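Asker: A structural model of the following input is requested.
(one chain, ligands or ions: 1)
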Amino acid sequence: MNMAAFQQLSGLRELNGIGERVAGRLVEHFGSEDAALQAILEGDIASLSEVNGVSHTFALSLARDARGRAEGCAISDFLKTKEALDLYSRLLELIKTFAHTSHARDRMDLFYPFPASRMDLIEERRAFVADYLKIADVLSADKEFIALLLRVKKLKPVPGNLRARDRIILSGDRKILDAARERFQAFLTVQAVESFSEFVDLARGYSSVIVFDDNFLSFDLPEGLEPELFQDPSKAEFWQILPEVELAFFARNLDCVLACLNIVSTLRIAGFSFFEDLSDAELEDLKTALLKVGEDGKPVEGLDPELDRLETALKNLDPILTSTLNEANQRMNRTLEASSLTLSGQELIKLVSGGMEIKDLLAKELQRVYTGEIEALKEELSEKLDFQKQEKLMLDSLFSDEISYPLRAEQAQLQLFRQKLSMSLEKTRLSRKRELAKTLSVFRQPVEKLVKEILDFDLGFSIACFASQFRLKMPVIVPEAGIGFEAGENLFLKARYGEIDPVSYSVGKTSFSPVDMENRVVLLSGVNSGGKTSLLELLAQCVVLGHMGFPVPAMKLELGPVEEFYYFGKSKGTLDAGAFETTLKQFSVLSEASGKLVLADELESITEPGASARIIAGILEYLARSEESLGIFVSHLSELILENTETEIRVDGIEAEGLDSSLELIVNRNPIYNRVARSTPELIVERLLRKTTGKEQEFYAHLKNKFKN
Ligand SMILES: Nc1ncnc2c1ncn2[C@@H]1O[C@H](COP(=O)(O)OP(=O)(O)OP(=O)(O)O)[C@@H](O)[C@H]1O
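Answerer: Take a look at the predicted model:
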């Protein structure tokens, strides 16, 4: 953005249409007056339209007003009539269909034609567009590249309702609490505690407890309670305390960011340097990290074996315990059924002598069977649930040493076990999130900048895609009044029909004008439906695009300086007195000398033929007086107009060259210089002549003779 220009606007109220109420809403929406002004200057129509009371049209007019002031040149400085503005809008709509992002679509509205006196701006724009034309030569037909661009959107912010419910910050220190609240309260609970017992009570409800002072850590903490100590709440890294926020940013924008990374790679591979802030290696690192981020903001499953192991173990704990216990009980049943007790002689003597009770003997035997079965059971559980050393040790507490039959797990211990397992799952999860968030946090700012730059890239690239689709070429700027071209194609016709006849034409001082025919004011005559209106429209398209700094729809085109552009379309019928007066008033500007281009289509229909021929003659005379002005008037009254003027005015003609084999008109869409076109009625008579025979044909032959001088 041009900062010097930016300073020209110091307040919202300076812009047309902004009253106190709207200004207030804009400031509220964007956070400050400067931010609102910036959005207007940057043409952020989408954000502006979100403000209550600001419609899309109003947002656009604000942006154009601001841009006009910033550039010192408004849209109406060049586009002088409603139809000139309409034609520009139609062109813009066509160009917008090539935009891949809504950003580019919106910003396109801020490109408008500048008068020749602002050649600095035109040249600036030409240089901007020229860079993109080179890129579009290589990439405009690359479907994959286009598909990537279509995925780029404005970055979504981290959702305001994101909360980490498994975490709490606890402290007894007011300063620490204030600092922690300021940074983290939006996302997790920050709680004041007065005593150790309160600390323990609160801490127990969370799987992660964060402290910034060690006041309560000097006490003996109950088992399983492991608060994490960080140094300073105002300096603690966000990725440590709340990795979810960092991850959520990337998760919400995952598709867009991945697309942007691939866009950069594609551009670089195609030989265009783009976004130097990140090296190829850094792009790869970021891509690798992003592949680990799930759409839900959690690390993707299946990439971390330890996380997967713990998750599966926790999920399967109950069903596997039940089935394994069942099998063990059946095994024990069978063992017991098959068992018999054989006494040794020694044991018999001890029993008889009362040195041993039969009960003890049985208990000893049973204990052996029970312990063996429990050991096998634990072994099996560890294997099936893929337990590591620490979890295997915890298994011991599940089964009592005392014989109990059928075998069963102690419920209270099982509950504890489950809790511990889930706690270590949460801890592992958090540490994985932190690792990932730490890697990504480095990329946060570059990514924000990258997405912005790609959105801006699309603006230029879309224009270049439009140019490439219609095979547009940059015009050559020439010093004197004139517009001349070879193989021009009316964009609106081409967009509708695909292939059309290219047309060559020239008016004024260009190398395309035939010798001695550099007239700046011409009348264009021609057969009905010959293409006069289409040619006028093509001239208008070339002038408007050329003054926007854009390429134009002609193989070669020379364009002289135009300061003001007047375009008058064909009127639908004779105008009433009021409308006639208004039209005439618009021409009064011709009294001032300056480079004006006037394109007018059948102006004669504004009033009755005799009067309009005189009026047109008068207008043309005035136009011819100014060395810098050009005028091209389509008219069926060229002969009548010439009769009413002394000024030398060239008449060119679009002619039908004759009739084809099926007696259809063959039109040469290229105007013939200095020729009043034969009119269609003559050809129609000829058609009838050739179609008929006998007396009827004689009649048409008679009529045809009437056309001979
Ligand atoms: N260069 C071209 N290539 C192909 N078709 C064209 C071309 N120019 C014009 N046409 C066709 O001819 C039709 C009539 O063109 P246009 O309206 O420009 O003629 P016109 O001379 O202004 O007619 P009128 O005298 O009736 O106003 C267009 O709608 C289009 O279909």
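Asker: please count neighbours and contacts with C-alpha atoms only from this point.
Answerer: Will do.
Asker: centre of the chain to the host helix or strand of Leu393, how far?
Answerer: Leu393 is part of helix 389-395 when elements are defined by DSSP states H and E. Its chain's average C-alpha position is 53 Å from that of helix 389-395, according to Cα atoms, centre = their mean, to the nearest Å.
Asker: in it, what's buried?
Answerer: Lys392, Leu395 (16 or more other Cα atoms under 10 Å).
Asker: run through who's touching it.
Answerer: Residues outside helix 389-395 that contact it (Cα atoms under 8 Å, 6 or more residues apart in numbering): Lys378, Ser382, Phe417, Leu421.
Asker: then stretch 496-509?
Answerer: The set of residues external to stretch 496-509 that reach it, using Cα under 8 Å, 6+ apart, is 480-489, 493-494, 512-513, 517-522, 535, 560, 630, 669-671.
Asker: repeat the analysis, applying 6 Å as the threshold.
Answerer: With contact meaning Cα atoms under 6 Å, 6 or more residues apart in numbering, stretch 496-509 is reached by 481-489, 512-513, 518-520, 670.
Asker: between these, which is closest to the ligand?
Answerer: Distance to the ligand across those (Cα to the nearest ligand atom) is lowest for Glu489, with 6.4 Å.
Asker: returning to what we had before: can I get the helix holding Leu393 in PDB, CA atoms only?
Answerer: In PDB, the C-alpha atoms belonging to helix 389-395 read as follows (Å, rounded to 0.1, in the frame of the first residue of the first chain):
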ATOM      1  CA  LYS A 389       6.800 -52.700  32.600                       C
ATOM      2  CA  GLN A 390       5.000 -50.000  34.600                       C
ATOM      3  CA  GLU A 391       1.600 -51.200  33.700                       C
ATOM      4  CA  LYS A 392       2.600 -54.900  34.400                       C
ATOM      5  CA  LEU A 393       3.600 -53.800  37.900                       C
ATOM      6  CA  MET A 394       0.200 -52.100  38.400                       C
ATOM      7  CA  LEU A 395      -1.600 -55.400  37.300                       C
END
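Asker: re the thing from before, include secondary structure and distance to Arg69 when you put the contacts of helix 389-395 into JSON lines, please.
Answerer: Shown next, in JSON lines, are the contacts of helix 389-395 (DSSP: H, G, I helix; E, B strand; the rest coil; distance: Cα to Cα, whole Å):
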{"residue": "Lys378", "secondary structure": "helix", "distance to Arg69": "81"}
{"residue": "Ser382", "secondary structure": "helix", "distance to Arg69": "76"}
{"residue": "Phe417", "secondary structure": "helix", "distance to Arg69": "71"}
{"residue": "Leu421", "secondary structure": "helix", "distance to Arg69": "66"}
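Asker: which of those are buried? Put it as a PyMOL command.
Answerer: The buried residues among those can be selected in PyMOL (16+ other Cα under 10 Å) with this line:
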select buried, resi 378+382+417+421
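Asker: turn the contacts of helix 389-395 into CSV, columns for pLDDT.
Answerer: Converted to CSV, the contacts of helix 389-395 look like this (pLDDT from 0 to 100):
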residue, pLDDT
Lys378, 91
Ser382, 92
Phe417, 88
Leu421, 89
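Asker: what's the average pLDDT for the helix holding Leu393?
Answerer: Here helix 389-395 scores 86 as its mean pLDDT.
Asker: helix, strand, or coil at Leu539?
Answerer: helix (DSSP: H, G, I helix; E, B strand; the rest coil).
Asker: burial check on it, number of neighbours?
Answerer: 23 (other Cα atoms under 10 Å).
Asker: please shift the residue numbers so they start at 55 in all later answers.
Answerer: Let's use 55 as the start, then, which means that last one is Leu593.
Asker: residues of the top helix by length along the chain that come out buried?
Answerer: Selection of the longest helix in the chain by residue count, based on DSSP state H, yields helix 359-392. Going by neighbour count (16+ other Cα under 10 Å), the buried part of helix 359-392 is 361, 363-365, 367-368, 371, 374-375, 378-379, 382-383, 386.
Asker: right, and the pair among those residues with maximum separation?
Answerer: Greatest spatial distance among the buried residues of helix 359-392 (Cα to Cα): Leu361 and Met386, at 35.2 Å.
Asker: number of nearby residues for Asp274?
Answerer: With other Cα under 10 Å as criterion, Asp274 counts 8.
Asker: that one should be in a helix, yeah?
Answerer: No - using three-state DSSP, the secondary structure at Asp274 is coil, not a helix.
Asker: quick one: it and Ser251, what's the gap?
Answerer: In this view, Asp274 and Ser251 are 11 Å apart by Cα to Cα, to the nearest Å.
Asker: next one: Lys210
Answerer: Lys210 is 42 Å from Ser251, by Cα to Cα.
Asker: do the same with Pro287
Answerer: Pro287 is 23 Å from Ser251, by Cα to Cα.
Asker: avg pLDDT for stretch 685-700?
Answerer: Averaging pLDDT along stretch 685-700 gives 92.
Asker: check whether it contacts the ligand.
Answerer: No - counting by Cα under 6 Å from any ligand atom, no contacts exist between stretch 685-700 and the ligand, the nearest distance being 7.7 Å.
Asker: what's the offset of that stretch from the middle of its chain?
Answerer: With Cα atoms, centre = their mean, you get 51 Å for stretch 685-700.
Asker: for the record, mean pLDDT for the helix or strand where Glu338 lies?
Answerer: Assessed by DSSP H and E, Glu338 sits inside helix 334-344. Helix 334-344 carries an average pLDDT of 94.
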